[in-house]
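*Asks:* okay, predicted coordinates and the sequence, questions at the end:
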Amino acid sequence: MTAPHGFSVSRYAPERGTLAKLAARDSVLRRLDWPILLSALALSGIGSLLVWSATRGRTELNQGDPYYFLFRHVLNTGIGLALMIGTIWLGHRTLRGAVPILYGLSIVLILAVLTPLGATINGAHAWIVVGGGFSLQPSEFVKITIILVMAMLLAAKVDAGDQLHPDHSTVAKALALAALPMGIVMLMPDLGSVMVMAVIVLGVLLASGASNRWVLGLIGAGVLGAVLVTALGMLDEYQINRFAAFANPDLDPAGVGYNTNQARIAIGSGGLLGAGLFKGSQTTGQFVPEQQTDFVFTVAGEELGFVGAGLILVLLGVILWRSCRIARETTELYGTIVAAGIIAWFAFQAFENIGMTLGIMPVAGLPLPFVSYGGSSMFAVWVAIGLLQSIRVQRPMTA
């Protein structure tokens with residue numbers, strides 16, 4: 001058959017295939033949850049400025065280069081975006097089949113922290129230093145692994161149509177698989193990460209439709225575990241001091257309570273609009289420790305004021321709101337559980353990080369998602385965004 005003007009139809013077959021690929025790519029772009037993506041990008045952008053402000057004058061940290069941490073934070077964000085794109089391309093359903101491998105790799109990495117490869121940074125023996133200044137915190141990726149392995153188990157029979165809710169045996173297996181890496185992380189000890197993981201497990205159970213007895217039992221076990229950990233002396237002295245300072249901020253204002261007191265002074269001095277970027281006296285005077293990581297929110301409070309700090313809260317709120325929508329609209333329990341685990345992770349970690357700067361939560365050494373400096377944390381949260389986007393992209397479109 002010959003097309004008009006003498007052109008062969010077969011000549012355009014490859015072009016039709018290319019157009020089909022372009023149409024599919026356009027469909028993926030349209031299905032992305034842009035409020036989540038843009039909010040995460042905005043948080044990372046704000047974080048870059050805050051990290052720059054907190055470190056540009058710290059010659060003992062930035063090796064004499066005021067742009068050192070700014071460049072690395074932007075680079076970490078770029079790598080995180082690449083990981084997000086890769087996660088969307090693979091898809092959460094494809095990753096579902098690779099969960100056993102990812103779980104095994106996570107166990108190997110956190111066990112490596114307990115070997116001579118492990119290193120202590122800021123009081124926590126939770127890092128692997130590879131060389132060339134590159135360090136990895138495996139516990140950040142364990143958060144993702146726990147979500148995926150529990151979702152895989154709890155949703156298997158439900159998505160197959162064999163059950164309406166996970167049975168007791170399945171829940172017990174899922175909790176056992178989550179308990180193993182949490183126990184190893186506790187040995188480091190990295191109490192902050194264990195707290196986040198415990199909240200993730202609770203969120204996953206609630207989303208899975210498991211019996212409320214499991215949820216109540218988990219809460220009870222958590223309280224009992226906290227008592228035993230304290231009684232058996234598994235916590236380091238600095239961790240005990242942090243809780244003591246939280247219970248009594250005036251206990252030692254020049255010692256264990258110093259960080260929290262200086263953080264509150266920095267945030268309180270910002271007022272409505274703040275002192276202006278790079279103009280905060282607490283920040284330039286380097287009164288608040290670890291301002292580029294754990295206490296980055298104090299830079300926002302002091303230099304951007306209530307408006308700038310409030311914008312960070314709004315952007316985090318948008319991510320959580322849209323994530324809840326993704327969890328609600330997906331047609332498979334697996335996707336719902338994965339989204340719920342990420343929501344629990346982001347919500348608690350942000351609340352803990354901001355709360356400790358305000359003195360309403362104990363200091364736990366947790367980064368503020370997307371904002372704090374740190375490669376491992378940045379990579380993990382962007383992978384989580386990729387999982388959320390994959391769930392949304394692969395769900396059936398309603399009319």
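*Replies:* Yep, that arrived.
*Asks:* now the strands: where do they sit in the chain?
*Replies:* 118-121, 124-131, 134-136 (DSSP state E).
*Asks:* worst-scoring helix or strand of the protein, pLDDT-wise?
*Replies:* Sorted by mean pLDDT, DSSP states H and E, the helices and strands of the chain end with helix 13-31, the least confident at a mean of 58.
*Asks:* so which of the strands of the chain is nearest residue 296?
*Replies:* Counting by Cβ to Cβ, residue 296 lies closest to strand 118-121 out of the strands of the chain; the figure is 16.3 Å. In this view, the C-beta of every residue, glycine as well, is placed from N, C-alpha and C.
*Asks:* quick one: average pLDDT of the closest one?
*Replies:* Strand 118-121 comes out with an average pLDDT of 77.
*Asks:* quick one: low-confidence parts of the stretch 101-250 of the chain?
*Replies:* Scanning the stretch 101-250 of the chain for pLDDT under 70 picks out the ranges 122-123, 131-133, 229-250.
*Asks:* which residues in it form helices?
*Replies:* Along the stretch 101-250 of the chain, counting by DSSP state H, counting those that start in this stretch, helices occupy 138-159, 168-186, 191-208, 212-231, 237-247.
*Asks:* and these: which comes nearest residue 265?
*Replies:* helix 237-247 (15.0 Å).
*Asks:* returning to that earlier point: let me have the helices of the stretch 101-250 of the chain in JSON lines, adding distance to residue 330 as columns.
*Replies:* Shown next, in JSON lines, are the helices of the stretch 101-250 of the chain (distance: least, Cβ to Cβ, whole Å):
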{"stretch": "helix 138-159", "distance to residue 330": "11"}
{"stretch": "helix 168-186", "distance to residue 330": "19"}
{"stretch": "helix 191-208", "distance to residue 330": "11"}
{"stretch": "helix 212-231", "distance to residue 330": "22"}
{"stretch": "helix 237-247", "distance to residue 330": "38"}
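*Asks:* of those, which is nearest residue 332?
*Replies:* Comparison of the helices of the stretch 101-250 of the chain against residue 332 by Cβ to Cβ identifies helix 138-159 as nearest, at 5.2 Å.
*Asks:* remind me what that closest one packs against, helices and strands.
*Replies:* helix 92-97, helix 99-113, strand 124-131, helix 168-186, helix 191-208, helix 333-358, helix 375-394 (3 or more Cβ pairs under 8 Å, 6 or more residues apart in numbering; DSSP states H and E).
*Asks:* picking that back up, want to throw the helices of the stretch 101-250 of the chain into JSON lines with distance to residue 60 and mean neighbour count?
*Replies:* As requested, the helices of the stretch 101-250 of the chain are exported to JSON lines (distance: least, Cβ to Cβ, whole Å; neighbours: other Cβ atoms under 10 Å):
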{"stretch": "helix 138-159", "distance to residue 60": "26", "mean neighbour count": "24"}
{"stretch": "helix 168-186", "distance to residue 60": "30", "mean neighbour count": "18"}
{"stretch": "helix 191-208", "distance to residue 60": "25", "mean neighbour count": "23"}
{"stretch": "helix 212-231", "distance to residue 60": "34", "mean neighbour count": "13"}
{"stretch": "helix 237-247", "distance to residue 60": "21", "mean neighbour count": "16"}
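*Asks:* brilliant, that's me finished.
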